[in-house]
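# based on what follows, work out the 3D shape:
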Amino acid sequence: MNRFIGTGVALVTPFKEDKSIDFDALERLVNYQIKNGVDYLVVLGTTAETVTLTIDEQEQVKRKVVVANNGRLPLVLGVGSNNTMAVVEVLKNSDLSGFDAILSVSPYYNKPSQEGIYQHFKAIAEASPLPIILYNVPSRTAQNMEPKTVVKLANDFSNIIGIKEAAGDLEQAKELISTTPKDFLVISGDDMIALDMVLVGGAGVVSVIGQALPKEFSEMIKLGLKGDKIVSVNKQQNFVEPIDLIFEEGNPTGIKSMLKKIGICNDMVRLPLIKATDDLAIRIAAFIDK
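Okay, here's the model as predicted:
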């Protein structure tokens with residue numbers, strides 16, 4: 001589990017102008033993270049626009065990242081759905097070689113009860129050959145995964161090793177940290193409060209902004225994990241502006257605009273998302289230049 005302490009990055013899926021996958025850019029992106037101190041990579045998460053990729057494309061992205069990474073960093077694979085049995089089937093029948101854990105989002109759209117959420121992850125835990133990191137993001141799922149549900153899952157299933165907590169609620173994060181087992185990882189899914197969570201006992205972050213600024217952001221998280229509050233909080237001030245910028249028009253619209261500016265990949269996204277407006281792109285470019 002120590003492999004998932006620090007800064008993980010939720011990789012985008014780079015697209016060419018014709019919206020096909022740019023695999024050369026994906027390799028550049030992976031190498032950029034590794035060269036700049038990121039601790040692990042998350043593949044086919046929300047930021048990857050996974051819902052707009054075909055099954056074949058998802059498989060191609062998985063294999064490309066595994067090959068590009070070449071065993072250098074731990075890899076986490078996003079495997080989630082609002083159809084429990086669909087997740088179970090993927091876990092039983094997919095090639096998961098090269099991956100060290102899965103990240104599974106709480107069911108969206110259906111709005112299950114807390115018991116329904118528990119039963120969903122119970123089925124996944126019983127089927128998964130890899131450790132599981134839960135993912136709570138109520139702004140997208142329309143249902144918060146309450147701490148009591150997380151605690152029950154953490155205690156009942158040894159292969160549920162952590163949670164990516166993206167409710168944006170520091171008090172809820174503190175409750176998770178204090179009530180889950182000692183070795184359970186509470187990982188921030190919100191860049192803006194990632195350091196705050198680390199300083200109260202969190203295990204790190206799965207970051208979006210860290211993808212464009214991996215060296216700077218991961219250094220801040222490392223300082224927080226060491227308990228260096230003064231220096232890390234001073235560094236945190238540098239990230240308020242870029243975090244606001246990249247989420248202003250949605251994710252991954254903003255981060256792709258930033259990645260284009262630094263020469264990693266194009267800024268194309270697939271519908272229903274659209275790429276950054278000229279105004280936002282100009283302000284993102286100005287920030288990078290500054």
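# so which residues of this protein form helices?
In the chain, the helices defined using DSSP state H lie at 23-35, 55-69, 84-93, 114-127, 138-141, 147-156, 170-179, 194-199, 214-225, 229-236, 240-247, 253-261, 278-289.
# quick one: pLDDT of the nearest residue to M145 once chain neighbours are set aside?
Of all residues not flanking M145 in the chain, N136 sits nearest, at 4.1 Å (C-beta to C-beta, 6 or more residues apart in numbering). C-beta coordinates here come from the backbone N, C-alpha and C atoms, glycine included. Confidence at N136, expressed as pLDDT, is 98.
# count of neighbours near N136?
26 (other C-beta atoms under 10 Å).
# that one touches D169, doesn't it?
No. Applying C-beta atoms under 8 Å as the test, N136 and D169 come out as separate, 9.9 Å apart.
# what do these two both touch?
Shared contacts of N136 and D169 (C-beta atoms under 8 Å, 6 or more residues apart in numbering): none.
# do you know how far G6 is from A286?
Here the criterion is C-beta to C-beta, to the nearest Å. By it, G6 lies 30 Å from A286.
# so these two - more neighbours on which side?
A count of neighbours by other C-beta under 10 Å puts G6 above the other of G6 and A286, at 20 against 11.
# quickly list what that one is bridged to.
Beta bridges link G6 to G204 when assigned by DSSP bridges.
# again, but for the one 4 residues further on
In this structure, A10 bridges to V42 when assessed by DSSP bridges.
# now for it: which residues touch it?
A10 neighbours (C-beta under 8 Å, 6+ apart): V42, G45, T46, T47, A48, V206, S207, V208, Q211.
# which of these sit farthest apart?
Greatest spatial distance among the contacts of A10 (C-beta to C-beta): A48 and S207, at 13.7 Å.
# quick one: which of these two has more around it?
Neighbour count, other C-beta under 10 Å: between A48 and S207, S207 has more, with 29 against 22.
# from D183, how far off is that one?
22 Å.
# do the same with E146
On the measure of C-beta to C-beta, E146 and D183 end up 21 Å apart.
# burial count for the closest residue to K92 other than its chain neighbours?
Closest residue in space to K92, ignoring its immediate chain neighbours: A127 at 5.7 Å, by C-beta to C-beta, 6+ apart. A127 has 16 neighbouring residues, counting by other C-beta under 10 Å.
# which residues touch A127?
Counting by C-beta under 8 Å, 6+ apart, the residues that A127 touches are V87, V88, L91, K92.
# kindly export stretch 239-257 (C-alpha atoms) in PDB.
Coordinates of each C-alpha in stretch 239-257 appear next as PDB, following Å, rounded to 0.1, in the frame of the first residue of the first chain:
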ATOM      1  CA  PHE A 239      -1.400  26.400  -7.100                       C
ATOM      2  CA  VAL A 240      -4.600  28.300  -6.300                       C
ATOM      3  CA  GLU A 241      -4.600  30.200  -9.700                       C
ATOM      4  CA  PRO A 242      -3.800  27.200 -11.900                       C
ATOM      5  CA  ILE A 243      -6.300  24.900 -10.200                       C
ATOM      6  CA  ASP A 244      -9.000  27.500 -10.600                       C
ATOM      7  CA  LEU A 245      -8.100  27.900 -14.300                       C
ATOM      8  CA  ILE A 246      -8.100  24.200 -15.200                       C
ATOM      9  CA  PHE A 247     -11.500  23.500 -13.700                       C
ATOM     10  CA  GLU A 248     -13.200  26.700 -14.900                       C
ATOM     11  CA  GLU A 249     -14.600  25.100 -18.000                       C
ATOM     12  CA  GLY A 250     -14.600  21.500 -16.800                       C
ATOM     13  CA  ASN A 251     -12.200  18.600 -16.600                       C
ATOM     14  CA  PRO A 252     -10.200  17.600 -18.700                       C
ATOM     15  CA  THR A 253     -10.800  20.700 -20.900                       C
ATOM     16  CA  GLY A 254      -8.600  23.000 -18.800                       C
ATOM     17  CA  ILE A 255      -5.800  20.500 -18.100                       C
ATOM     18  CA  LYS A 256      -5.600  19.600 -21.800                       C
ATOM     19  CA  SER A 257      -5.200  23.300 -22.700                       C
END
